[in-house]
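Chemist: 3D, please:
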Amino acid sequence: MSGPLPAGSGGVTCVPVEGLGEVLVGDDLAALLTAAVNLRDGDVLVVTSKVVSKAEGRVRTGKRDEALAEETDRAVATRGATSIVRTHHGLVMAAAGVDASNTDADTVVLLPADPDGSARRLREALGRRPGRNVAVLVTDTAGRAWRNGQTDIAIGAAGLQVLHDYAGLSDPYGNELVVTAPAVADELAAAADLVKGKLERRPAAVVRGLEGLVLPAGQHGPGAAALVRDETHDMFGLGARDAVLTALRAEDPRGFGAPCSALELVGALSALAGGSVGLVVRSGPGPDAEVTATLGGDERERGRAEVVLRTAAFAMGWRAVPDHDGTGNSAVLRLRPVTP
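Modeler: As a prediction, this is how the structure comes out:
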């Protein structure tokens, strides 16, 4: 969605949903919510992922660490007992969002397998019962890389445009906006969390006054998956320590994003190697590009330089390939971009 943000004229209110009670495996969450709150057309219903997961049977016996591997696509950063991972949904969260609070002892609650699907099913069920057109957000708590503390974010969405794009518009000073795109779904998730209660068992809230954001019945929108940044564009795909270790191991390149350009690679490697290495781009841009490094010095110096260049190139999305001239000359290192 682009253009001015549509909003109601009476302001925005957040109303907690009281009396929902304990949600158990197999419960009809739509029926429980309908009994607990009188929804109106244009409401945004915000529900914590935990009650959605409980109703869907995403409860496991065991400790959180035991479920972590099942829910992890790849590790992002590890410091002591804290693990930040990318889940199979593409979400980057501590312990893959596996939660041991507000659940029976020796059990943990996993995130919904398909949060957007959960939001769509809940919206459709609510629409059938009271005949109201509401948007649904499924939320979870997450930290922020540059900030202390946590806030709720939308991991599932239906009936709402989750991003509001201001690109192409001008501010009051005439400056064109280029990348401004508020994550409306996350802002609503955080606002609703102010009136919910993790200790008071209020896992849902209703946001009113933004009916202009709610899509017509039957139109679910792109879902919260639209808020997940593609790995090739993620500038913070690994923690600082983890990036160094991953580059040295040269195993999984995904955390480093898309390959840089050949000219950018040449500039970075030249700065690292100084005058002891000659670097040339042998072919055109794109996946067919190749950078050749001619290593100078004695055998020991060349060996050290090769380790540095291979590691740095891997971190920038390039891998060393066999020497094509068949000479086996260890003084020549050929690099090609890794296909994203």
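
Chemist: ok, which stretches of the stretch 101-250 of the chain are helices?
Modeler: Secondary structure of the stretch 101-250 of the chain by DSSP state H, counting those that start in this stretch: the helices cover 115-128, 184-193, 240-249.

Chemist: helix or strand right after the last one?
Modeler: Using DSSP states H and E, the next helix or strand after helix 240-249 towards the C-terminus is helix 262-273.

Chemist: now do that following helix, average pLDDT.
Modeler: The predicted model assigns helix 262-273 a mean pLDDT of 88.

Chemist: I'd like to know which elements that helix is packed against.
Modeler: Contact here means 3 or more CB pairs under 8 Å, 6 or more residues apart in numbering; DSSP states H and E; on that basis helix 262-273 packs against strand 277-281, strand 291-295, helix 299-315. Quick note: C-beta positions are derived from backbone N, CA and C, even for glycine.

Chemist: tell me where the model's unsure across the protein.
Modeler: Screening the chain residue by residue with the criterion pLDDT under 70, one finds the ranges 1-10, 130, 166-170, 176-179, 199, 275-276, 281-287, 322-330, 340.

Chemist: what's the domain layout of it?
Modeler: Taking automatic domain parsing as the reference, the chain has its domains at 13-58+112-228, 240-337.

Chemist: quick one: those as CSV, columns for distance to Thr103 and mean neighbour count too.
Modeler: Formatted as CSV, these follow (distance: least, CB to CB, whole Å; neighbours: other CB atoms under 10 Å):
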stretch, distance to Thr103, mean neighbour count
domain 13-58+112-228, 8, 18
domain 240-337, 30, 16
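
Chemist: which one of those lies closest to His89?
Modeler: Using CB to CB as the measure, domain 13-58+112-228 is the one of the domains of the chain that comes nearest His89, at 6.7 Å.

Chemist: got TSV for the helices of the stretch 101-250 of the chain, with distance to Phe256 too?
Modeler: Putting the helices of the stretch 101-250 of the chain into TSV (distance: least, CB to CB, whole Å) gives the following:
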stretch	distance to Phe256
helix 115-128	27
helix 184-193	26
helix 240-249	7
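
Chemist: which one of the ones you listed lies closest to Thr72?
Modeler: Shortest separation from Thr72 across the helices of the stretch 101-250 of the chain is recorded for helix 240-249, at 13.6 Å, computed as CB to CB.

Chemist: got the angle for the closest one vs helix 299-315?
Modeler: Angular relation of helix 240-249 and helix 299-315 on a 0 to 180 degree scale: 120 degrees, by axes from the mean of the first three to the mean of the last three CA atoms, to 10 degrees.

Chemist: these two touch, right, Ala268 and Met316?
Modeler: Yes - judged on CB atoms under 8 Å, Ala268 makes contact with Met316 at a distance of 6.3 Å.

Chemist: shouldn't Leu248 be in contact with Thr311?
Modeler: Yes - using CB under 8 Å, Leu248 is in contact with Thr311, at 5.6 Å.

Chemist: ok so, going back, Pro112: which of the helices and strands packed on helix 262-273 is closest?
Modeler: Proximity to Pro112, assessed across the helices and strands packed on helix 262-273 by CB to CB, is greatest for helix 299-315 (34.3 Å).

Chemist: what would the domains of the chain look like in TSV with distance to Ile84?
Modeler: As requested, the domains of the chain are arranged in TSV below (distance: least, CB to CB, whole Å):
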stretch	distance to Ile84
domain 13-58+112-228	8
domain 240-337	9
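
Chemist: among those, which is nearest Asp73?
Modeler: Shortest distance between Asp73 and the domains of the chain, using CB to CB, is found for domain 240-337: 8.9 Å.

Chemist: how about Thr82: what's its closest non-neighbour residue?
Modeler: Nearest-residue entry for Thr82: Ala94, 6.4 Å, with adjacent residues in sequence omitted and distances by CB to CB, 6 or more residues apart in numbering.

Chemist: with adjacent residues omitted, what lies nearest to Ala205?
Modeler: Ala192 (4.0 Å).

Chemist: quick one: that neighbour and Asp152 touch, right?
Modeler: Yes - assessed by CB under 8 Å, Ala192 is found in contact with Asp152 at 7.2 Å.
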